[in-house]
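S.K.: A predicted structure for the sequence below; I have some questions about it.
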Amino acid sequence: MASPTITVVIPTLNEAESIGQTIDAIPRAPHIHVMIVDGASKDGTQDIARGRGAEVVVEPARATAAPTRRSSRPRRATSS
């Protein structure tokens, strides 16, 4: 039986200073998926997250509440 997929969702808005360390702190395992739901950051947050292997979903509403709401919608995990 395959392990269930665990998705770690991190809402962001201009978190370039800390997002790399945050993602690096998440254990790496085949069943763990990291998703950044970004509120249209302008500081490179999205590029840093992608560089660390996270899936980045952009929520055009520039607030942390909107990405949190969007991330809670049912979603099919993608294979890495």
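M.R.: Arrived safely, thanks for sending. None of these values were measured; they are calculated from a predicted model.
S.K.: just for this protein, where's the confidence low?
M.R.: Where the chain drops to pLDDT under 70, the residues are 1, 62-80.
S.K.: And the strands in it?
M.R.: Listed in chain order, the strands found in the chain under DSSP state E are 6-12, 32-38, 55-58.
S.K.: tell me the angle the second one makes with strand 6-12.
M.R.: Put plainly, it is strand 32-38. Going by axes from the mean of the first three to the mean of the last three CA atoms, to 10 degrees, strand 32-38 is angled at 20 degrees with respect to strand 6-12.
S.K.: mind listing what's buried in stretch 22-40?
M.R.: 22-23, 26, 33-40 (16 or more other CB atoms under 10 Å). Quick note: C-beta positions are derived from backbone N, CA and C, even for glycine.
S.K.: quick check, nearest of these to A49?
M.R.: Relative to A49, the closest of those is I36; by CB to CB it sits at 4.3 Å.
S.K.: Give me the most central residue, this structure.
M.R.: The centroid of the chain falls nearest to I36 when counting by CA atoms, centre = their mean (1.6 Å).
S.K.: which residues touch that one?
M.R.: 10-12, 19, 23, 45-46, 49, 54-57 (CB atoms under 8 Å, 6 or more residues apart in numbering).
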